[in-house]
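Undergrad: predicted model and sequence follow; I will ask about them next.
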Amino acid sequence: MSPKTLYDKIWDAHVAHEADDGTCLLYIDRHLVHEVTSPQAFEGLRMAGRKVRAPEKTIAVPDHNVPTTPDRVNGIENPESRIQVEALDKNARDFGIHYYPVNDVRQGIVHIVGPEQGWTLPGMTVVCGDSHTATHGAFGALAHGIGTSEVEHVLATQTLIQKKSKNMKVEITGKLQPGVTAKDITLAVIGETGTAGGTGYVIEYCGEAIRNLSMEGRMTVCNMAIEGGARAGLIAPDETTFEYVKGRPHAPKGAQWEAAMNWWKTLYTDEGAHFDKVVTIRGEDIAPVVTWGTSPEDVLPITATVPHPEDFEGGKVEAARRSIEYMGLKAGQKLSDVEIDTVFIGSCTNGRIEDLRAAAEILKGKKIKDGMRAMVVPGSGLVRAQAEEEGLADIFKEAGFEWRLAGCSMCLAMNPDQLQPGERCAATSNRNFEGRQGRGGRTHLLSPAMAAAAAITGRLTDVRELM
Ligand SMILES: CC(C)[C@H](C(=O)O)[C@@H](O)C(=O)O
Ligand code: SF4
């Protein structure tokens with residue numbers, strides 16, 4: 001048998017049918033659903049008189065539209081948001097799928113809830129009508145976003161029509177420097193490959209620096225595979241993965257656990273397997289980074305200066321000029337001189353317990369800059385509860401942060417947590433497009449520790465100065 005990549009192995013184990021042109025019918029193990037991309041899909045089922053094929057493999061949770069303030073127990077004020085969340089409530093009930101409603105402590109961002117509840121397991125195919133489904137690849141699951149019509153197809157058949165992507169390897173060798181985190185890795189990779197670097201590929205992240213990451217860190221890395229243009233990101237499961245999964249509510253138990261482990265232990269890329277593209281980055285070379293522009297590839301070390309548009313080539317010259325203007329920056333300006341007025345810690349990229357710990361570590365005993373608006377939005381109600389138990393919530397509150405309820409929040413402008421035109425935010429999320437956090441808002445992507453540092457000084461700050 002010829003050597004296979006991890007992606008090849010999971011793919012081969014799920015192909016139910018292959019057509020002559022290579023189009024495959026893939027069996028889907030888990031279908032995650034949120035309120036934004038599912039209403040029409042359920043409506044389609046209703047009109048066709050169909051059921052959900054595998055309700056026991058289908059999990060729904062509202063996240064994008066939910067407010068994160070305590071008054072949400074009284075319902076959602078915005079009519080469009082309310083209608084979407086109410087539709088999900090009804091669809092989950094009518095079709096008998098697993099559901100974590102807004103006032104359930106387990107509610108949160110779908111990509112945080114899935115792994116937390118043990119729905120996401122190694123070797124699975126996982127889909128969701130959401131591009132950041134890539135997050136689940138951290139478990140060695142083939143996980144990707146799908147469109148609304150595909151959501152309907154998976155609901156009805158538990159299969160998806162797919163063509164195989166090419167294999168890409170991103171290796172991060174060696175150790176990380178102090179102050180450098182999984183977020184810096186994933187941003188640095190996109191800085192290197194560009195937002196189209198992964199187009200047509202599934203990326204497997206490997207190397208010592210990846211192996212040394214916790215599951216939280218691995219999820220952060222895979223989360224942004226999509227910003228690097230890839231179909232999905234993957235990390236081979238190992239002891240760290242099994243340790244995380246064991247004992248979770250929906251993880252296999254007893255003999256089923258043993259059987260699962262026998263399969264999970266085969267989930268690695270064979271010696272000599274072929275990758276169509278390879279990128280290698282030395283872990284030691286990665287610095288704490290921030291984005292300066294309106295694309296996730298606009299990444300630079302915090303010690304750098306805002307680039308000059310002429311530094312680029314081709315279409316990127318004009319794009320950089322526009323970015324710099326939109327961002328209200330000056331070419332040549334030191335990034336560490338850029339003043340910010342808002343800090344957002346949360347999202348499916350960095351809303352897990354380890355992220356909150358990293359930010360709290362920097363904030364301990366300190367206060368945020370006068371006039372700063374800073375919020376922490378745990379990725380799930382359970383992350384929030386754990387952070388309260390560990391005393392992190394008190395650190396945030398004493399520092400001057402707002403301590404919110406779980407949801408996508410200020411990651412995107414679909415709920416009340418938004419930037420005003422011209423406001424500048426240090427954000428731990430994954431997208432910095434124009435208007436992403438609110439019309440006219442300006443976003444700098446960075447790690448939770450870097451976000452905490454910025455909250456204290458009021459400007460983009462090298463976290464190493466505060467360590
Ligand atoms: C709303 C949803 C479809 C969207 C996505 O697919 O990613 C959102 O989660 C995002 O991050 O932009
Ligand atoms: S937290 Fe942000 S990136 Fe993640 S699913 Fe929600 S909106 Fe999308």
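TA: Great, that's in hand. Ligands and ions are numbered 1, 2, ... in the order given.

Undergrad: can you show me the CA trace of the strand ranked longest in the chain as CSV?
TA: Scanning the chain for the longest strand, with DSSP state E as the assignment, gives strand 166-173. Extracted C-alpha coordinates of strand 166-173, given in CSV (Å, rounded to 0.1, in the frame of the first residue of the first chain):
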residue,chain,number,x,y,z
LYS,A,166,-4.7,18.5,-2.5
ASN,A,167,-2.4,17.8,0.5
MET,A,168,-0.4,20.7,2.0
LYS,A,169,2.0,20.5,5.0
VAL,A,170,2.7,23.4,7.2
GLU,A,171,5.5,22.5,9.6
ILE,A,172,6.4,24.7,12.6
THR,A,173,9.7,23.4,13.9
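
Undergrad: how about that strand: buried residues?
TA: Using 16 or more other CB atoms under 10 Å as the test for burial, strand 166-173 gives 166-172. The C-beta positions use only the backbone N, C-alpha and C, and glycine is treated the same way.

Undergrad: show me the domain layout of the chain.
TA: 6-164, 166-238+268-285, 289-466 (automatic domain parsing).

Undergrad: ok, which of these comes nearest residue 258?
TA: With CB to CB as the criterion, residue 258 lies closest to domain 6-164 of those, at 14.0 Å.

Undergrad: okay, how far is it across the closest one, tip to tip?
TA: 13 Å (CA to CA, to the nearest Å).

Undergrad: check whether that domain comes near ligand 1.
TA: Yes: using CB under 6 Å from any ligand atom as the criterion, contacts between domain 6-164 and ligand 1 involve 36-37, 64, 130-132, 145.

Undergrad: ok, and the most crowded of these?
TA: residue 132 (28 neighbours; other CB atoms under 10 Å).

Undergrad: same list (the domains of the chain) but as CSV, adding distance to residue 250 and mean pLDDT.
TA: Below are the domains of the chain laid out as CSV (distance: least, CB to CB, whole Å; pLDDT from 0 to 100):
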stretch, distance to residue 250, mean pLDDT
domain 6-164, 4, 98
domain 166-238+268-285, 16, 98
domain 289-466, 14, 98
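
Undergrad: residue 257 is nearest to which of those?
TA: Taking CB to CB, domain 6-164 is the member of the domains of the chain nearest to residue 257, at 10.5 Å.

Undergrad: so which of the domains of the chain comes closest to residue 254?
TA: domain 6-164 (14.2 Å).

Undergrad: which positions in the protein make contact with ligand 2?
TA: Residues of the chain lying near ligand 2 (CB under 6 Å from any ligand atom): 63-64, 109, 111, 130, 132, 347-348, 408, 411-412, 429-430.

Undergrad: which one of those residues is nearest to residue 139?
TA: Taking CB to CB as the measure, residue 139 lies nearest residue 111 of the residues of the chain next to ligand 2, at 11.5 Å.

Undergrad: quick one: what helix or strand has the closest one in it?
TA: helix 110-116 (DSSP states H and E).

Undergrad: and that helix, what does it pack onto?
TA: Secondary-structure packing of helix 110-116 (3 or more CB pairs under 8 Å, 6 or more residues apart in numbering; DSSP states H and E): strand 30-33, strand 58-60, strand 125-128, helix 215-223, helix 347-350, helix 381-389.

Undergrad: hmm, who's touching the third one?
TA: If you take CB atoms under 8 Å, 6 or more residues apart in numbering as the criterion, strand 125-128 is touched by 10, 14, 26-34, 110-111, 114, 120, 133, 136, 141-146, 150, 154, 160.

Undergrad: if we go to 6 Å?
TA: 14, 28-32, 120, 136, 141-143, 146, 154 (CB atoms under 6 Å, 6 or more residues apart in numbering).

Undergrad: need the contact partners of whatever helix or strand comes next after the longest strand of the chain.
TA: The element immediately downstream of strand 166-173 (helix or strand, assigned by DSSP H and E) is helix 182-193. By CB under 6 Å, 6+ apart, the surrounding residues in contact with helix 182-193 are 170, 172, 213, 217, 220-221, 224, 227-228, 279, 286, 288-289, 296-297, 299, 447.

Undergrad: about what we covered before: for the domains of the chain, which one sits closest to residue 259?
TA: Using CB to CB, those put domain 6-164 closest to residue 259, at 11.7 Å.

Undergrad: return the distance of that closest one from the chain's centre.
TA: The chain centre lies 15 Å from the centre of domain 6-164; the measure is CA atoms, centre = their mean, to the nearest Å.

Undergrad: how many residues are close by the one residue in the stretch 251-400 of the chain that gets nearest to ligand 2?
TA: Distances between the stretch 251-400 of the chain and ligand 2 by CB to the nearest ligand atom are smallest at residue 348, namely 3.4 Å. Neighbours of residue 348 under the rule other CB under 10 Å: 27.

Undergrad: show me what contacts it?
TA: Residue 348 makes contact with 109, 111-112, 132, 135, 223, according to CB under 6 Å, 6+ apart.

Undergrad: switch the cut-off to 8 Å
TA: Here residue 348 is in contact with 109-112, 132, 135, 223, 379, 408, 411, 430 (CB under 8 Å, 6+ apart).

Undergrad: farthest-separated two in those residues?
TA: It's 110 and 430 that sit farthest apart of the contacts of residue 348, by CB to CB, at 14.3 Å.

Undergrad: these two: who's more crowded?
TA: A direct count of neighbours by other CB under 10 Å for residue 110 and residue 430 places residue 110 higher, at 30 against 27.

Undergrad: was I right about the more buried one contacting residue 36?
TA: No: Residue 110 is beyond contact range of residue 36, at 10.1 Å (criterion: CB atoms under 8 Å).

Undergrad: which residues are common contacts for those two?
TA: Joint contacts of residue 110 and residue 36 (CB under 8 Å, 6+ apart) are residue 130.

Undergrad: which residues does the helix holding residue 111 contact?
TA: With CB under 8 Å, 6+ apart, helix 110-116 has contacts from 30, 32-34, 59, 61, 63, 100, 106-108, 119-120, 126, 128, 130, 132-133, 135-136, 138-139, 215, 219, 223, 244, 248, 348, 351-352, 379-380, 382-383, 406.

Undergrad: and residue 134, what does it touch?
TA: For residue 134, the contact set (CB under 8 Å, 6+ apart) comprises 143-145, 222-226, 230, 232-233.

Undergrad: redo that, cut-off 10 Å
TA: 111, 126, 128, 143-145, 198, 202-203, 219, 221-228, 230-234, 348, 430 (CB atoms under 10 Å, 6 or more residues apart in numbering).

Undergrad: and what of residue 213?
TA: Shown in contact with residue 213 (CB under 10 Å, 6+ apart): 138, 172, 176, 181-182, 185, 205, 219-221, 235, 240, 354.

Undergrad: most neighbours out of these, which is it?
TA: residue 138 (34 neighbours).

Undergrad: what kind of secondary structure is that residue in?
TA: In three-state terms, and counting by DSSP: H, G, I helix; E, B strand; the rest coil, residue 138 is helix.

Undergrad: what is the burial count for the closest residue to it other than its chain neighbours?
TA: Once flanking residues are discounted, residue 138 sits nearest to residue 218: 3.7 Å by CB to CB, 6 or more residues apart in numbering. Residues near residue 218, counting by other CB under 10 Å, number 28.

Undergrad: quick check: residue 218 touching residue 204?
TA: No: with contact defined as CB atoms under 10 Å, residue 218 does not count as touching residue 204 (11.9 Å).
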